[in-house]
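>>> My questions concern the predicted model and sequence given below.
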Amino acid sequence: MIAMKLPREQKEQLIESVQAYFERERSEEIGELAAEQLIDYMLQELGPHIYNKAIADARALVQEKAMQIEDELYALEKPLSSR
């Protein structure tokens, strides 16, 4: 699988968020490099699971919409007279 790349601006925001989390929740300071490495690791480990869940959710939504369209198409059918 291709490694997930984030735009630099997003990654910088995530780095700040991870640093703030460590400070707030663990009373620890971590540097930018440590935060970036943690983000890269989490993307590598969690990314495929999150991606697959998103695909499964999208698949279920598309199937649901397809069933709705099929129902609507049946509703549009004209009755046939038996002459």
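Received it, and whenever you're ready, just let me know what you need. Numbering: from 1, shown residues only.

>>> from here on, contacts and neighbour counts on C-alpha atoms
Fine.

>>> for the protein, what are the low-confidence residue spans?
1, 83 (pLDDT under 70).

>>> Okay, helices next: where are they in it?
8-26, 32-76 (DSSP state H).

>>> So which of those is nearest residue 2?
With Cα to Cα, the closest approach to residue 2 among the helices of the chain belongs to helix 32-76: 9.7 Å.

>>> Give me the packing partners of the closest one, helices and strands only.
In this structure, helix 32-76 makes packing contacts with helix 8-26, judged by 3 or more Cα pairs under 8 Å, 6 or more residues apart in numbering; DSSP states H and E.

>>> Could you state which residue of the protein sits nearest its centroid?
Residue closest to the average C-alpha location in the chain (Cα atoms, centre = their mean): residue 54, at 4.9 Å.

>>> ok, now how distant is that one from residue 23?
31 Å (Cα to Cα, to the nearest Å).

>>> can you check residue 68 too?
Residue 68 sits 49 Å away from residue 23 when distances are taken as Cα to Cα.

>>> Next: residue 8.
Distance, residue 8 to residue 23, by Cα to Cα: 23 Å.

>>> The two: which is more packed in?
Using other Cα atoms under 10 Å, the more surrounded residue of residue 8 and residue 23 is residue 23, with 13 against 9.

>>> residues touching the more buried one, list them.
Applying Cα atoms under 8 Å, 6 or more residues apart in numbering, we find residue 23 in contact with 29, 30.

>>> cutoff 6 Å now
residue 29 (Cα atoms under 6 Å, 6 or more residues apart in numbering).

>>> Use 37 as the first number for this chain going forward.
In the new numbering, first residue 37, that becomes residue 59.

>>> can you give me phi and psi for residue 67?
phi -80, psi 170 (degrees, to the nearest 10).

>>> Please name the nearest non-neighbouring residue to it.
residue 55 (7.2 Å; Cα to Cα, 6 or more residues apart in numbering).
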